[in-house]
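Undergrad: following is a predicted model, sequence given first.
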Amino acid sequence: DAGVTQSPTHLIKTRGQQVTLRCSPKSGHDTVSWYQQALGQGPQFIFQYYEEEERQRGNFPDRFSGHQFPNYSSELNVNALLLGDSALYLCASSLAPKIGNTIYFGEGSWLTVV
Amino acid sequence: QKEVEQDPGPLSVPEGAIVSLNCTYSNSAFQYFMWYRQYSRKGPELLMYTYSSGNKEDGRFTAQVDKSSKYISLFIRDSQPSDSATYLCAMSASRGADGLTFGKGTHLIIQP
């Protein structure tokens, strides 16, 4: 049973560029959330997708956008990259946004902005 | 004041010791409380979750929640070098339906 898979694992971008990160949820899961984890910090919630719609959003600017596909996989897009966007980006999946469902994390995508 | 406070450590203890990890929080709406373990450069792995106040035990791990004090704890008995990792507390008002709010994480080192 494949867990949450993310790609790419590492990437380097230049300030001002755009980046797309990808996530495949755990088998059977239909809800995907994205988190940003800066070095030495806990993960911060970016947004959650369910039924191909953004259901909830954390305190992140509009430069951060996402998409969920019919097969439940998801993309995170970040435009106009800043040095401060350098972080580990984590994808988490669960079964429907309901009380009591366990949330599983992927290994993350390391983004370095130079 | 951050919503969730967690001492970042590092916390270094000898093998076999009992480890106590703690978080405090300010949002009284939080009802679901989780502990994740994160090894270096890996994704967080769910260890324990608790709903509302009370204790939950799973093997060497015990999670405690005291909502009246807005304080949660994770105890690790008979600690092993393989327990060395960063431990993150996380919480939400309705787990699964809300984004999780994490603490900063405590870096734990178990000395052989």
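TA: Great, that's in hand.

Undergrad: and residue 19, how many neighbours?
TA: Here I'm looking at chain A. By the criterion of other Cβ atoms under 10 Å in any protein chain shown, A:Val19 has 18 neighbours. Placement of C-beta: from N, CA and C, glycine included.

Undergrad: ah, no, chain B please
TA: 19.

Undergrad: same deal with A:Leu88?
TA: Count around A:Leu88 with other Cβ under 10 Å applied: 21.

Undergrad: now do the contacts for it.
TA: A:Leu88 sits next to A:36-38, A:108-111, B:41 when contact means Cβ atoms under 8 Å, 6 or more residues apart in numbering or on different chains.

Undergrad: can I get those residues in TSV with distance to B:Leu47?
TA: Listed next are the contacts of A:Leu88 as TSV, based on distance: Cβ to Cβ, whole Å:
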residue	distance to B:Leu47
A:Gln36	22
A:Gln37	17
A:Ala38	22
A:Gly108	18
A:Ser109	23
A:Trp110	23
A:Leu111	27
B:Arg41	18
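
Undergrad: and those, which is the shakiest by pLDDT?
TA: The pLDDT minimum for those sits at B:Arg41, where the score is 82.

Undergrad: what does chain B put close to chain A?
TA: Applying Cβ under 8 Å from any Cβ of the partner chain, we find that chain B lies next to chain A at B:4, B:6, B:8, B:32, B:34, B:36, B:41-46, B:49, B:51, B:88, B:90, B:94-105.

Undergrad: quick one: the helices in chain A, in order.
TA: Using DSSP state H, no helices are found in chain A.

Undergrad: which stretches of it have low pLDDT?
TA: A:1, A:97-101 (pLDDT under 70).

Undergrad: ditto for chain B
TA: Looking at chain B by pLDDT under 70, you get B:1, B:95-97.

Undergrad: and the strands in chain A?
TA: With DSSP state E as the criterion, chain A has strands at A:5-7, A:10-13, A:19-24, A:31-37, A:44-50, A:53-57, A:64-68, A:74-78, A:87-94, A:104-105, A:109-113.

Undergrad: between these, which one is closest to B:Tyr25.
TA: Evaluated over the strands of chain A, closeness to B:Tyr25 peaks at strand A:44-50, with 15.0 Å, by Cβ to Cβ.

Undergrad: elements contacting that closest one?
TA: Here strand A:44-50 touches strand A:31-37, strand A:53-57, strand A:64-68, going by 3 or more Cβ pairs under 8 Å, 6 or more residues apart in numbering or on different chains; DSSP states H and E.
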